[in-house]
Every structure is written in C-alpha cells, then in structure tokens.
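K.L.:
Sequence first, predicted model second:
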Amino acid sequence: MAFPQGKPLSASKKKERITAHVFIDPERKKTLQAFSKAAGLKFKNPDLLNLAFTHRSSCNEVGRKDNNERLEFLGDSVLGAVTASLLYGKLPEKSEGELAKIKSVVVSEEILSGIALENGIDRMLILGKGEEQTGGRTKKAILADTLEALIGAVYLDSGFKAAWNFVSRRIAPEIVKVLENRSAQDYKSLLQEYCQRVYKSYPVYSLVKRSGPEHDRLFFIQVTVNGESYGPCTGHSKKAAEQEAARLAWEKLART
C-alpha cells in the first residue's frame with residue numbers, strides 16, 4: 001500500500017491541504033481540544049481538525065470555500081485500507097469475495113454513523129442553518145462522512161500510524177460484532193447471491209426519482225428481481241437506498 005508508515009506530512013504540505021484558514025474562537029478551540037483528548041488524538045493543526053467537521057452546507061453562510069469533502073475522500077481510502085488489513089489478518093480462511101462482503105458491512109453508513117455518535121462527532125459538526133433545522137446532526141450520511149473526514153485529518157496531521165490506531169480501535173470491535181451477528185448483512189450481496197442461485201440472473205436497480213436540495217438529497221430506488229419490482233425505498237445516498245430496496249426484496253423472497 002502506498003501509505004507512508006507513520007510519517008506525518010511537513011508543515012508546508014499540510015498548509016496546501018487547507019485553502020482558507022478561518023478564525024477559531026477560544027471556546028471552539030477548547031471544544032476541539034476536549035474532543036481530541038477524549039478521542040485519544042493529539043492534533044498539531046487545529047485548523048485541520050476543525051475543517052474535518054465543516055459540512056458543505058455551512059460554507060456559503062460563513063464565506064468559506066473549503067469543506068470536509070476532500071478529507072472525506074482521503075479518509076475513506078485510509079479506512080478501507082485499515083479495515084481490509086484487519087480482515088485479512090483475522091480471517092485467513094476467507095476468500096476474497098467473503099472478505100469483501102464483510103468489509104462492505106463493517107464500513108457501511110449504518111456502522112460508521114454509530115461510531116460517529118459514540119465519539120461525539122454529532123456535537124462537533126459545523127452545519128448551515130438549513131441543515132441544522134432539518135436534523136443534520138442525526139443524519140447517518142453526514143455522520144458517516146464526517147467520521148471519514150476525521151480519519152483523513154488524522155492521517156494528514158499525524159501520519160498513517162496514528163490513523164491506523166484511531167481506526168483499528170473503533171473498527172476491530174465492529175468486525176467482531178458483524179461476524180457474531182449475521183443479521184447485520186450486506187443485503188445487496190445476499191440478494192445477488194439468491195438471484196444467481198435461484199433465477200440464474202442478477203437484480204436490477206433503478207432510480208425512480210430524487211428529491212430535496214443538494215445538501216439533503218433523498219433517493220428513491222426500486223429493485224427488480226425475476227420480473228417483479230420491490231420498492232421504491234429511500235436513502236440519503238443511492239447506495240443506502242439500494243441497500244434498503246435489496247433488504248425489502250431479500251426478506252420477502254426469503255420468506256417464500
């Protein structure tokens with residue numbers, strides 16, 4: 001893997017990742033420090049940590065150009081690498097397909113949002129007024145994305161070793177839960193396996209419609225299995241809506 005082992009980026013490189021520094025008032029700095037301490041982190045760059053909590057809905061209101069989406073992109077890759085490595089070492093008897101299926105559940109929106117809540121990320125979010133009023137602090141998609149942004153910030157600030165420690169402490173217990181609780185399934189994979197076994201075909205997902213503003217988009221997805229459609233089901237991402245449609249179809253088919 002192309003991750004530097006425990007070598008944090010230089011100060012000049014870190015500054016390149018933050019396009020616009022903003023004033024952080026003393027109370028916010030105290031809050032960031034308290035969060036870092038509780039999470040077992042030592043952030044050298046408070047701007048970077050604050051950026052990890054900055055949702056795009058707040059940018060226009062405070063005149064910022066940057067938000068946490070780039071950090072989310074980076075953190076998603078770090079999270080995937082750590083999770084894959086943990087699974088590879090823990091489950092030597094599993095095939096590539098089985099490992100991929102378990103990984104998709106472990107890093108799902110459902111589990112990541114739960115980890116975010118357990119770590120108090122909901123209280124750290126910087127949201128626009130509209131997002132705040134519509135319950136943005138409790139939306140699973142925002143919580144999961146912010147956790148990934150935080151992972152990306154840890155990696156940039158302190159290197160891969162620190163990011164590994166942060167992720168593994170939180171993901172390793174979830175791997176155990178997923179392995180012990182088979183109800184926490186990747187329903188898309190289950191449905192696909194069922195369709196291949198019974199109908200010798202694949203489920204087909206289709207977007208029925210989408211609604212809401214860009215920062216609070218809702219997707220309506222239905223899935224067609226052997227000529228019969230299930231749904232539509234909703235989610236704040238296509239992936240989440242597809243999982244819900246797959247769950248609906250799989251549970252109905254499993255009963256019959």
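P.N.:
Ah, there it is.

K.L.:
Go through the helix or strand hosting residue 246 and flag the buried ones.
P.N.:
Element membership for residue 246 (DSSP states H and E) is helix 238-255. If you call a residue buried by 16 or more other CB atoms under 10 Å, then helix 238-255 has these buried ones: 239-250, 253. Where you see a C-beta, it was placed from the backbone N, CA and C, and this is true even at glycine.

K.L.:
Tell me the one among these nearest to residue 93.
P.N.:
The nearest member of the buried residues of helix 238-255 to residue 93, counting by CB to CB, is residue 250 at 25.4 Å.

K.L.:
got the contact list for that closest one?
P.N.:
Going by CB atoms under 8 Å, 6 or more residues apart in numbering, residue 250 touches 187, 190, 191, 194.

K.L.:
Then residue 232?
P.N.:
208, 209, 220, 221, 222, 241, 245.

K.L.:
SS state for residue 221?
P.N.:
Applying DSSP: H, G, I helix; E, B strand; the rest coil to residue 221 yields a three-state assignment of strand.

K.L.:
Any idea what it is bridged to?
P.N.:
Counting by DSSP bridges, residue 221 is bridged to residue 207, residue 233.

K.L.:
how about the CA coordinates for the helix holding residue 246, as CSV?
P.N.:
The C-alpha trace of helix 238-255 is given here as CSV (Å, rounded to 0.1, in the frame of the first residue of the first chain):
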residue,chain,number,x,y,z
LYS,A,238,-28.0,5.8,-3.8
LYS,A,239,-26.0,3.2,-2.0
ALA,A,240,-28.2,3.4,1.1
ALA,A,241,-31.4,3.4,-0.9
GLU,A,242,-30.2,0.3,-2.9
GLN,A,243,-29.5,-1.5,0.4
GLU,A,244,-32.9,-0.8,1.6
ALA,A,245,-34.5,-2.0,-1.6
ALA,A,246,-32.4,-5.1,-1.5
ARG,A,247,-33.3,-5.8,2.1
LEU,A,248,-37.0,-5.5,1.3
ALA,A,249,-36.7,-7.9,-1.7
TRP,A,250,-34.5,-10.4,0.1
GLU,A,251,-36.7,-10.6,3.2
LYS,A,252,-39.8,-11.2,1.1
LEU,A,253,-38.1,-13.7,-1.1
ALA,A,254,-36.5,-15.5,1.8
ARG,A,255,-40.0,-16.0,3.4
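
K.L.:
tell me the mean pLDDT for that helix?
P.N.:
For helix 238-255, mean pLDDT is 88.

K.L.:
How far off centre is that helix?
P.N.:
20 Å (CA atoms, centre = their mean, to the nearest Å).

K.L.:
which of the residues in the strand or helix carrying residue 100 are buried?
P.N.:
If you go by DSSP H and E, residue 100 is part of helix 96-106. Across helix 96-106, burial judged by 16+ other CB under 10 Å covers 99, 101, 102, 103, 104, 105, 106.

K.L.:
pretty sure residue 238 is touching residue 220, no?
P.N.:
No - applying CB atoms under 8 Å as the test, residue 238 and residue 220 come out as separate, 10.0 Å apart.
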